[in-house]
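Asks: pasting the structure only:
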């Protein structure tokens, strides 16, 4: 089953944090999450929430390739879906209580013929 990708600005909407899967403790940690999100954005990352089947989640900071022109994290979803092993690892970590992730996307080196 596919994860659900949500924009990082859901942290700015108190009603969004009433979604199933966000515990009361996690809701209270909203200010800390906002600070981490803002820091990742300031460092040039794109940030989104990934909701996994079963109710766990990850706040994922994605560092796009240096030459990529990315204006919104949703533009990176196709690349994330191609990085299936990395997504599986983030889902595994979320099940163990690690809700923050950082992923650096790199372009493969050009093929020489």
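Replies: Okay, I see it. This structure is a prediction, so every number in the text was calculated from the model and none was measured. Numbering: from 1, shown residues only.

Asks: I'd say residue 45 and residue 105 touch.
Replies: No - counting by Cβ atoms under 8 Å, residue 105 is not a contact partner of residue 45; they are 10.3 Å apart. Using the backbone N, CA and C atoms, a C-beta is placed for each residue, glycine as well.

Asks: Need the residues touching each of these two.
Replies: By Cβ atoms under 8 Å, 6 or more residues apart in numbering, residue 45 and residue 105 have these common neighbours: 62-63.

Asks: Helices of the protein, start to end?
Replies: 24-28, 30-42, 77-82, 84-95 (DSSP state H).

Asks: Mind putting those into a markdown table with distance to residue 112?
Replies: Shown next, in a markdown table, are the helices of the chain (distance: least, Cβ to Cβ, whole Å):
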| stretch | distance to residue 112 |
| --- | --- |
| helix 24-28 | 48 |
| helix 30-42 | 35 |
| helix 77-82 | 22 |
| helix 84-95 | 26 |
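
Asks: Now render these as TSV, adding mean neighbour count and mean pLDDT.
Replies: Output for the helices of the chain, formatted as TSV (neighbours: other Cβ atoms under 10 Å; pLDDT from 0 to 100):
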stretch	mean neighbour count	mean pLDDT
helix 24-28	10	65
helix 30-42	14	90
helix 77-82	14	93
helix 84-95	15	95
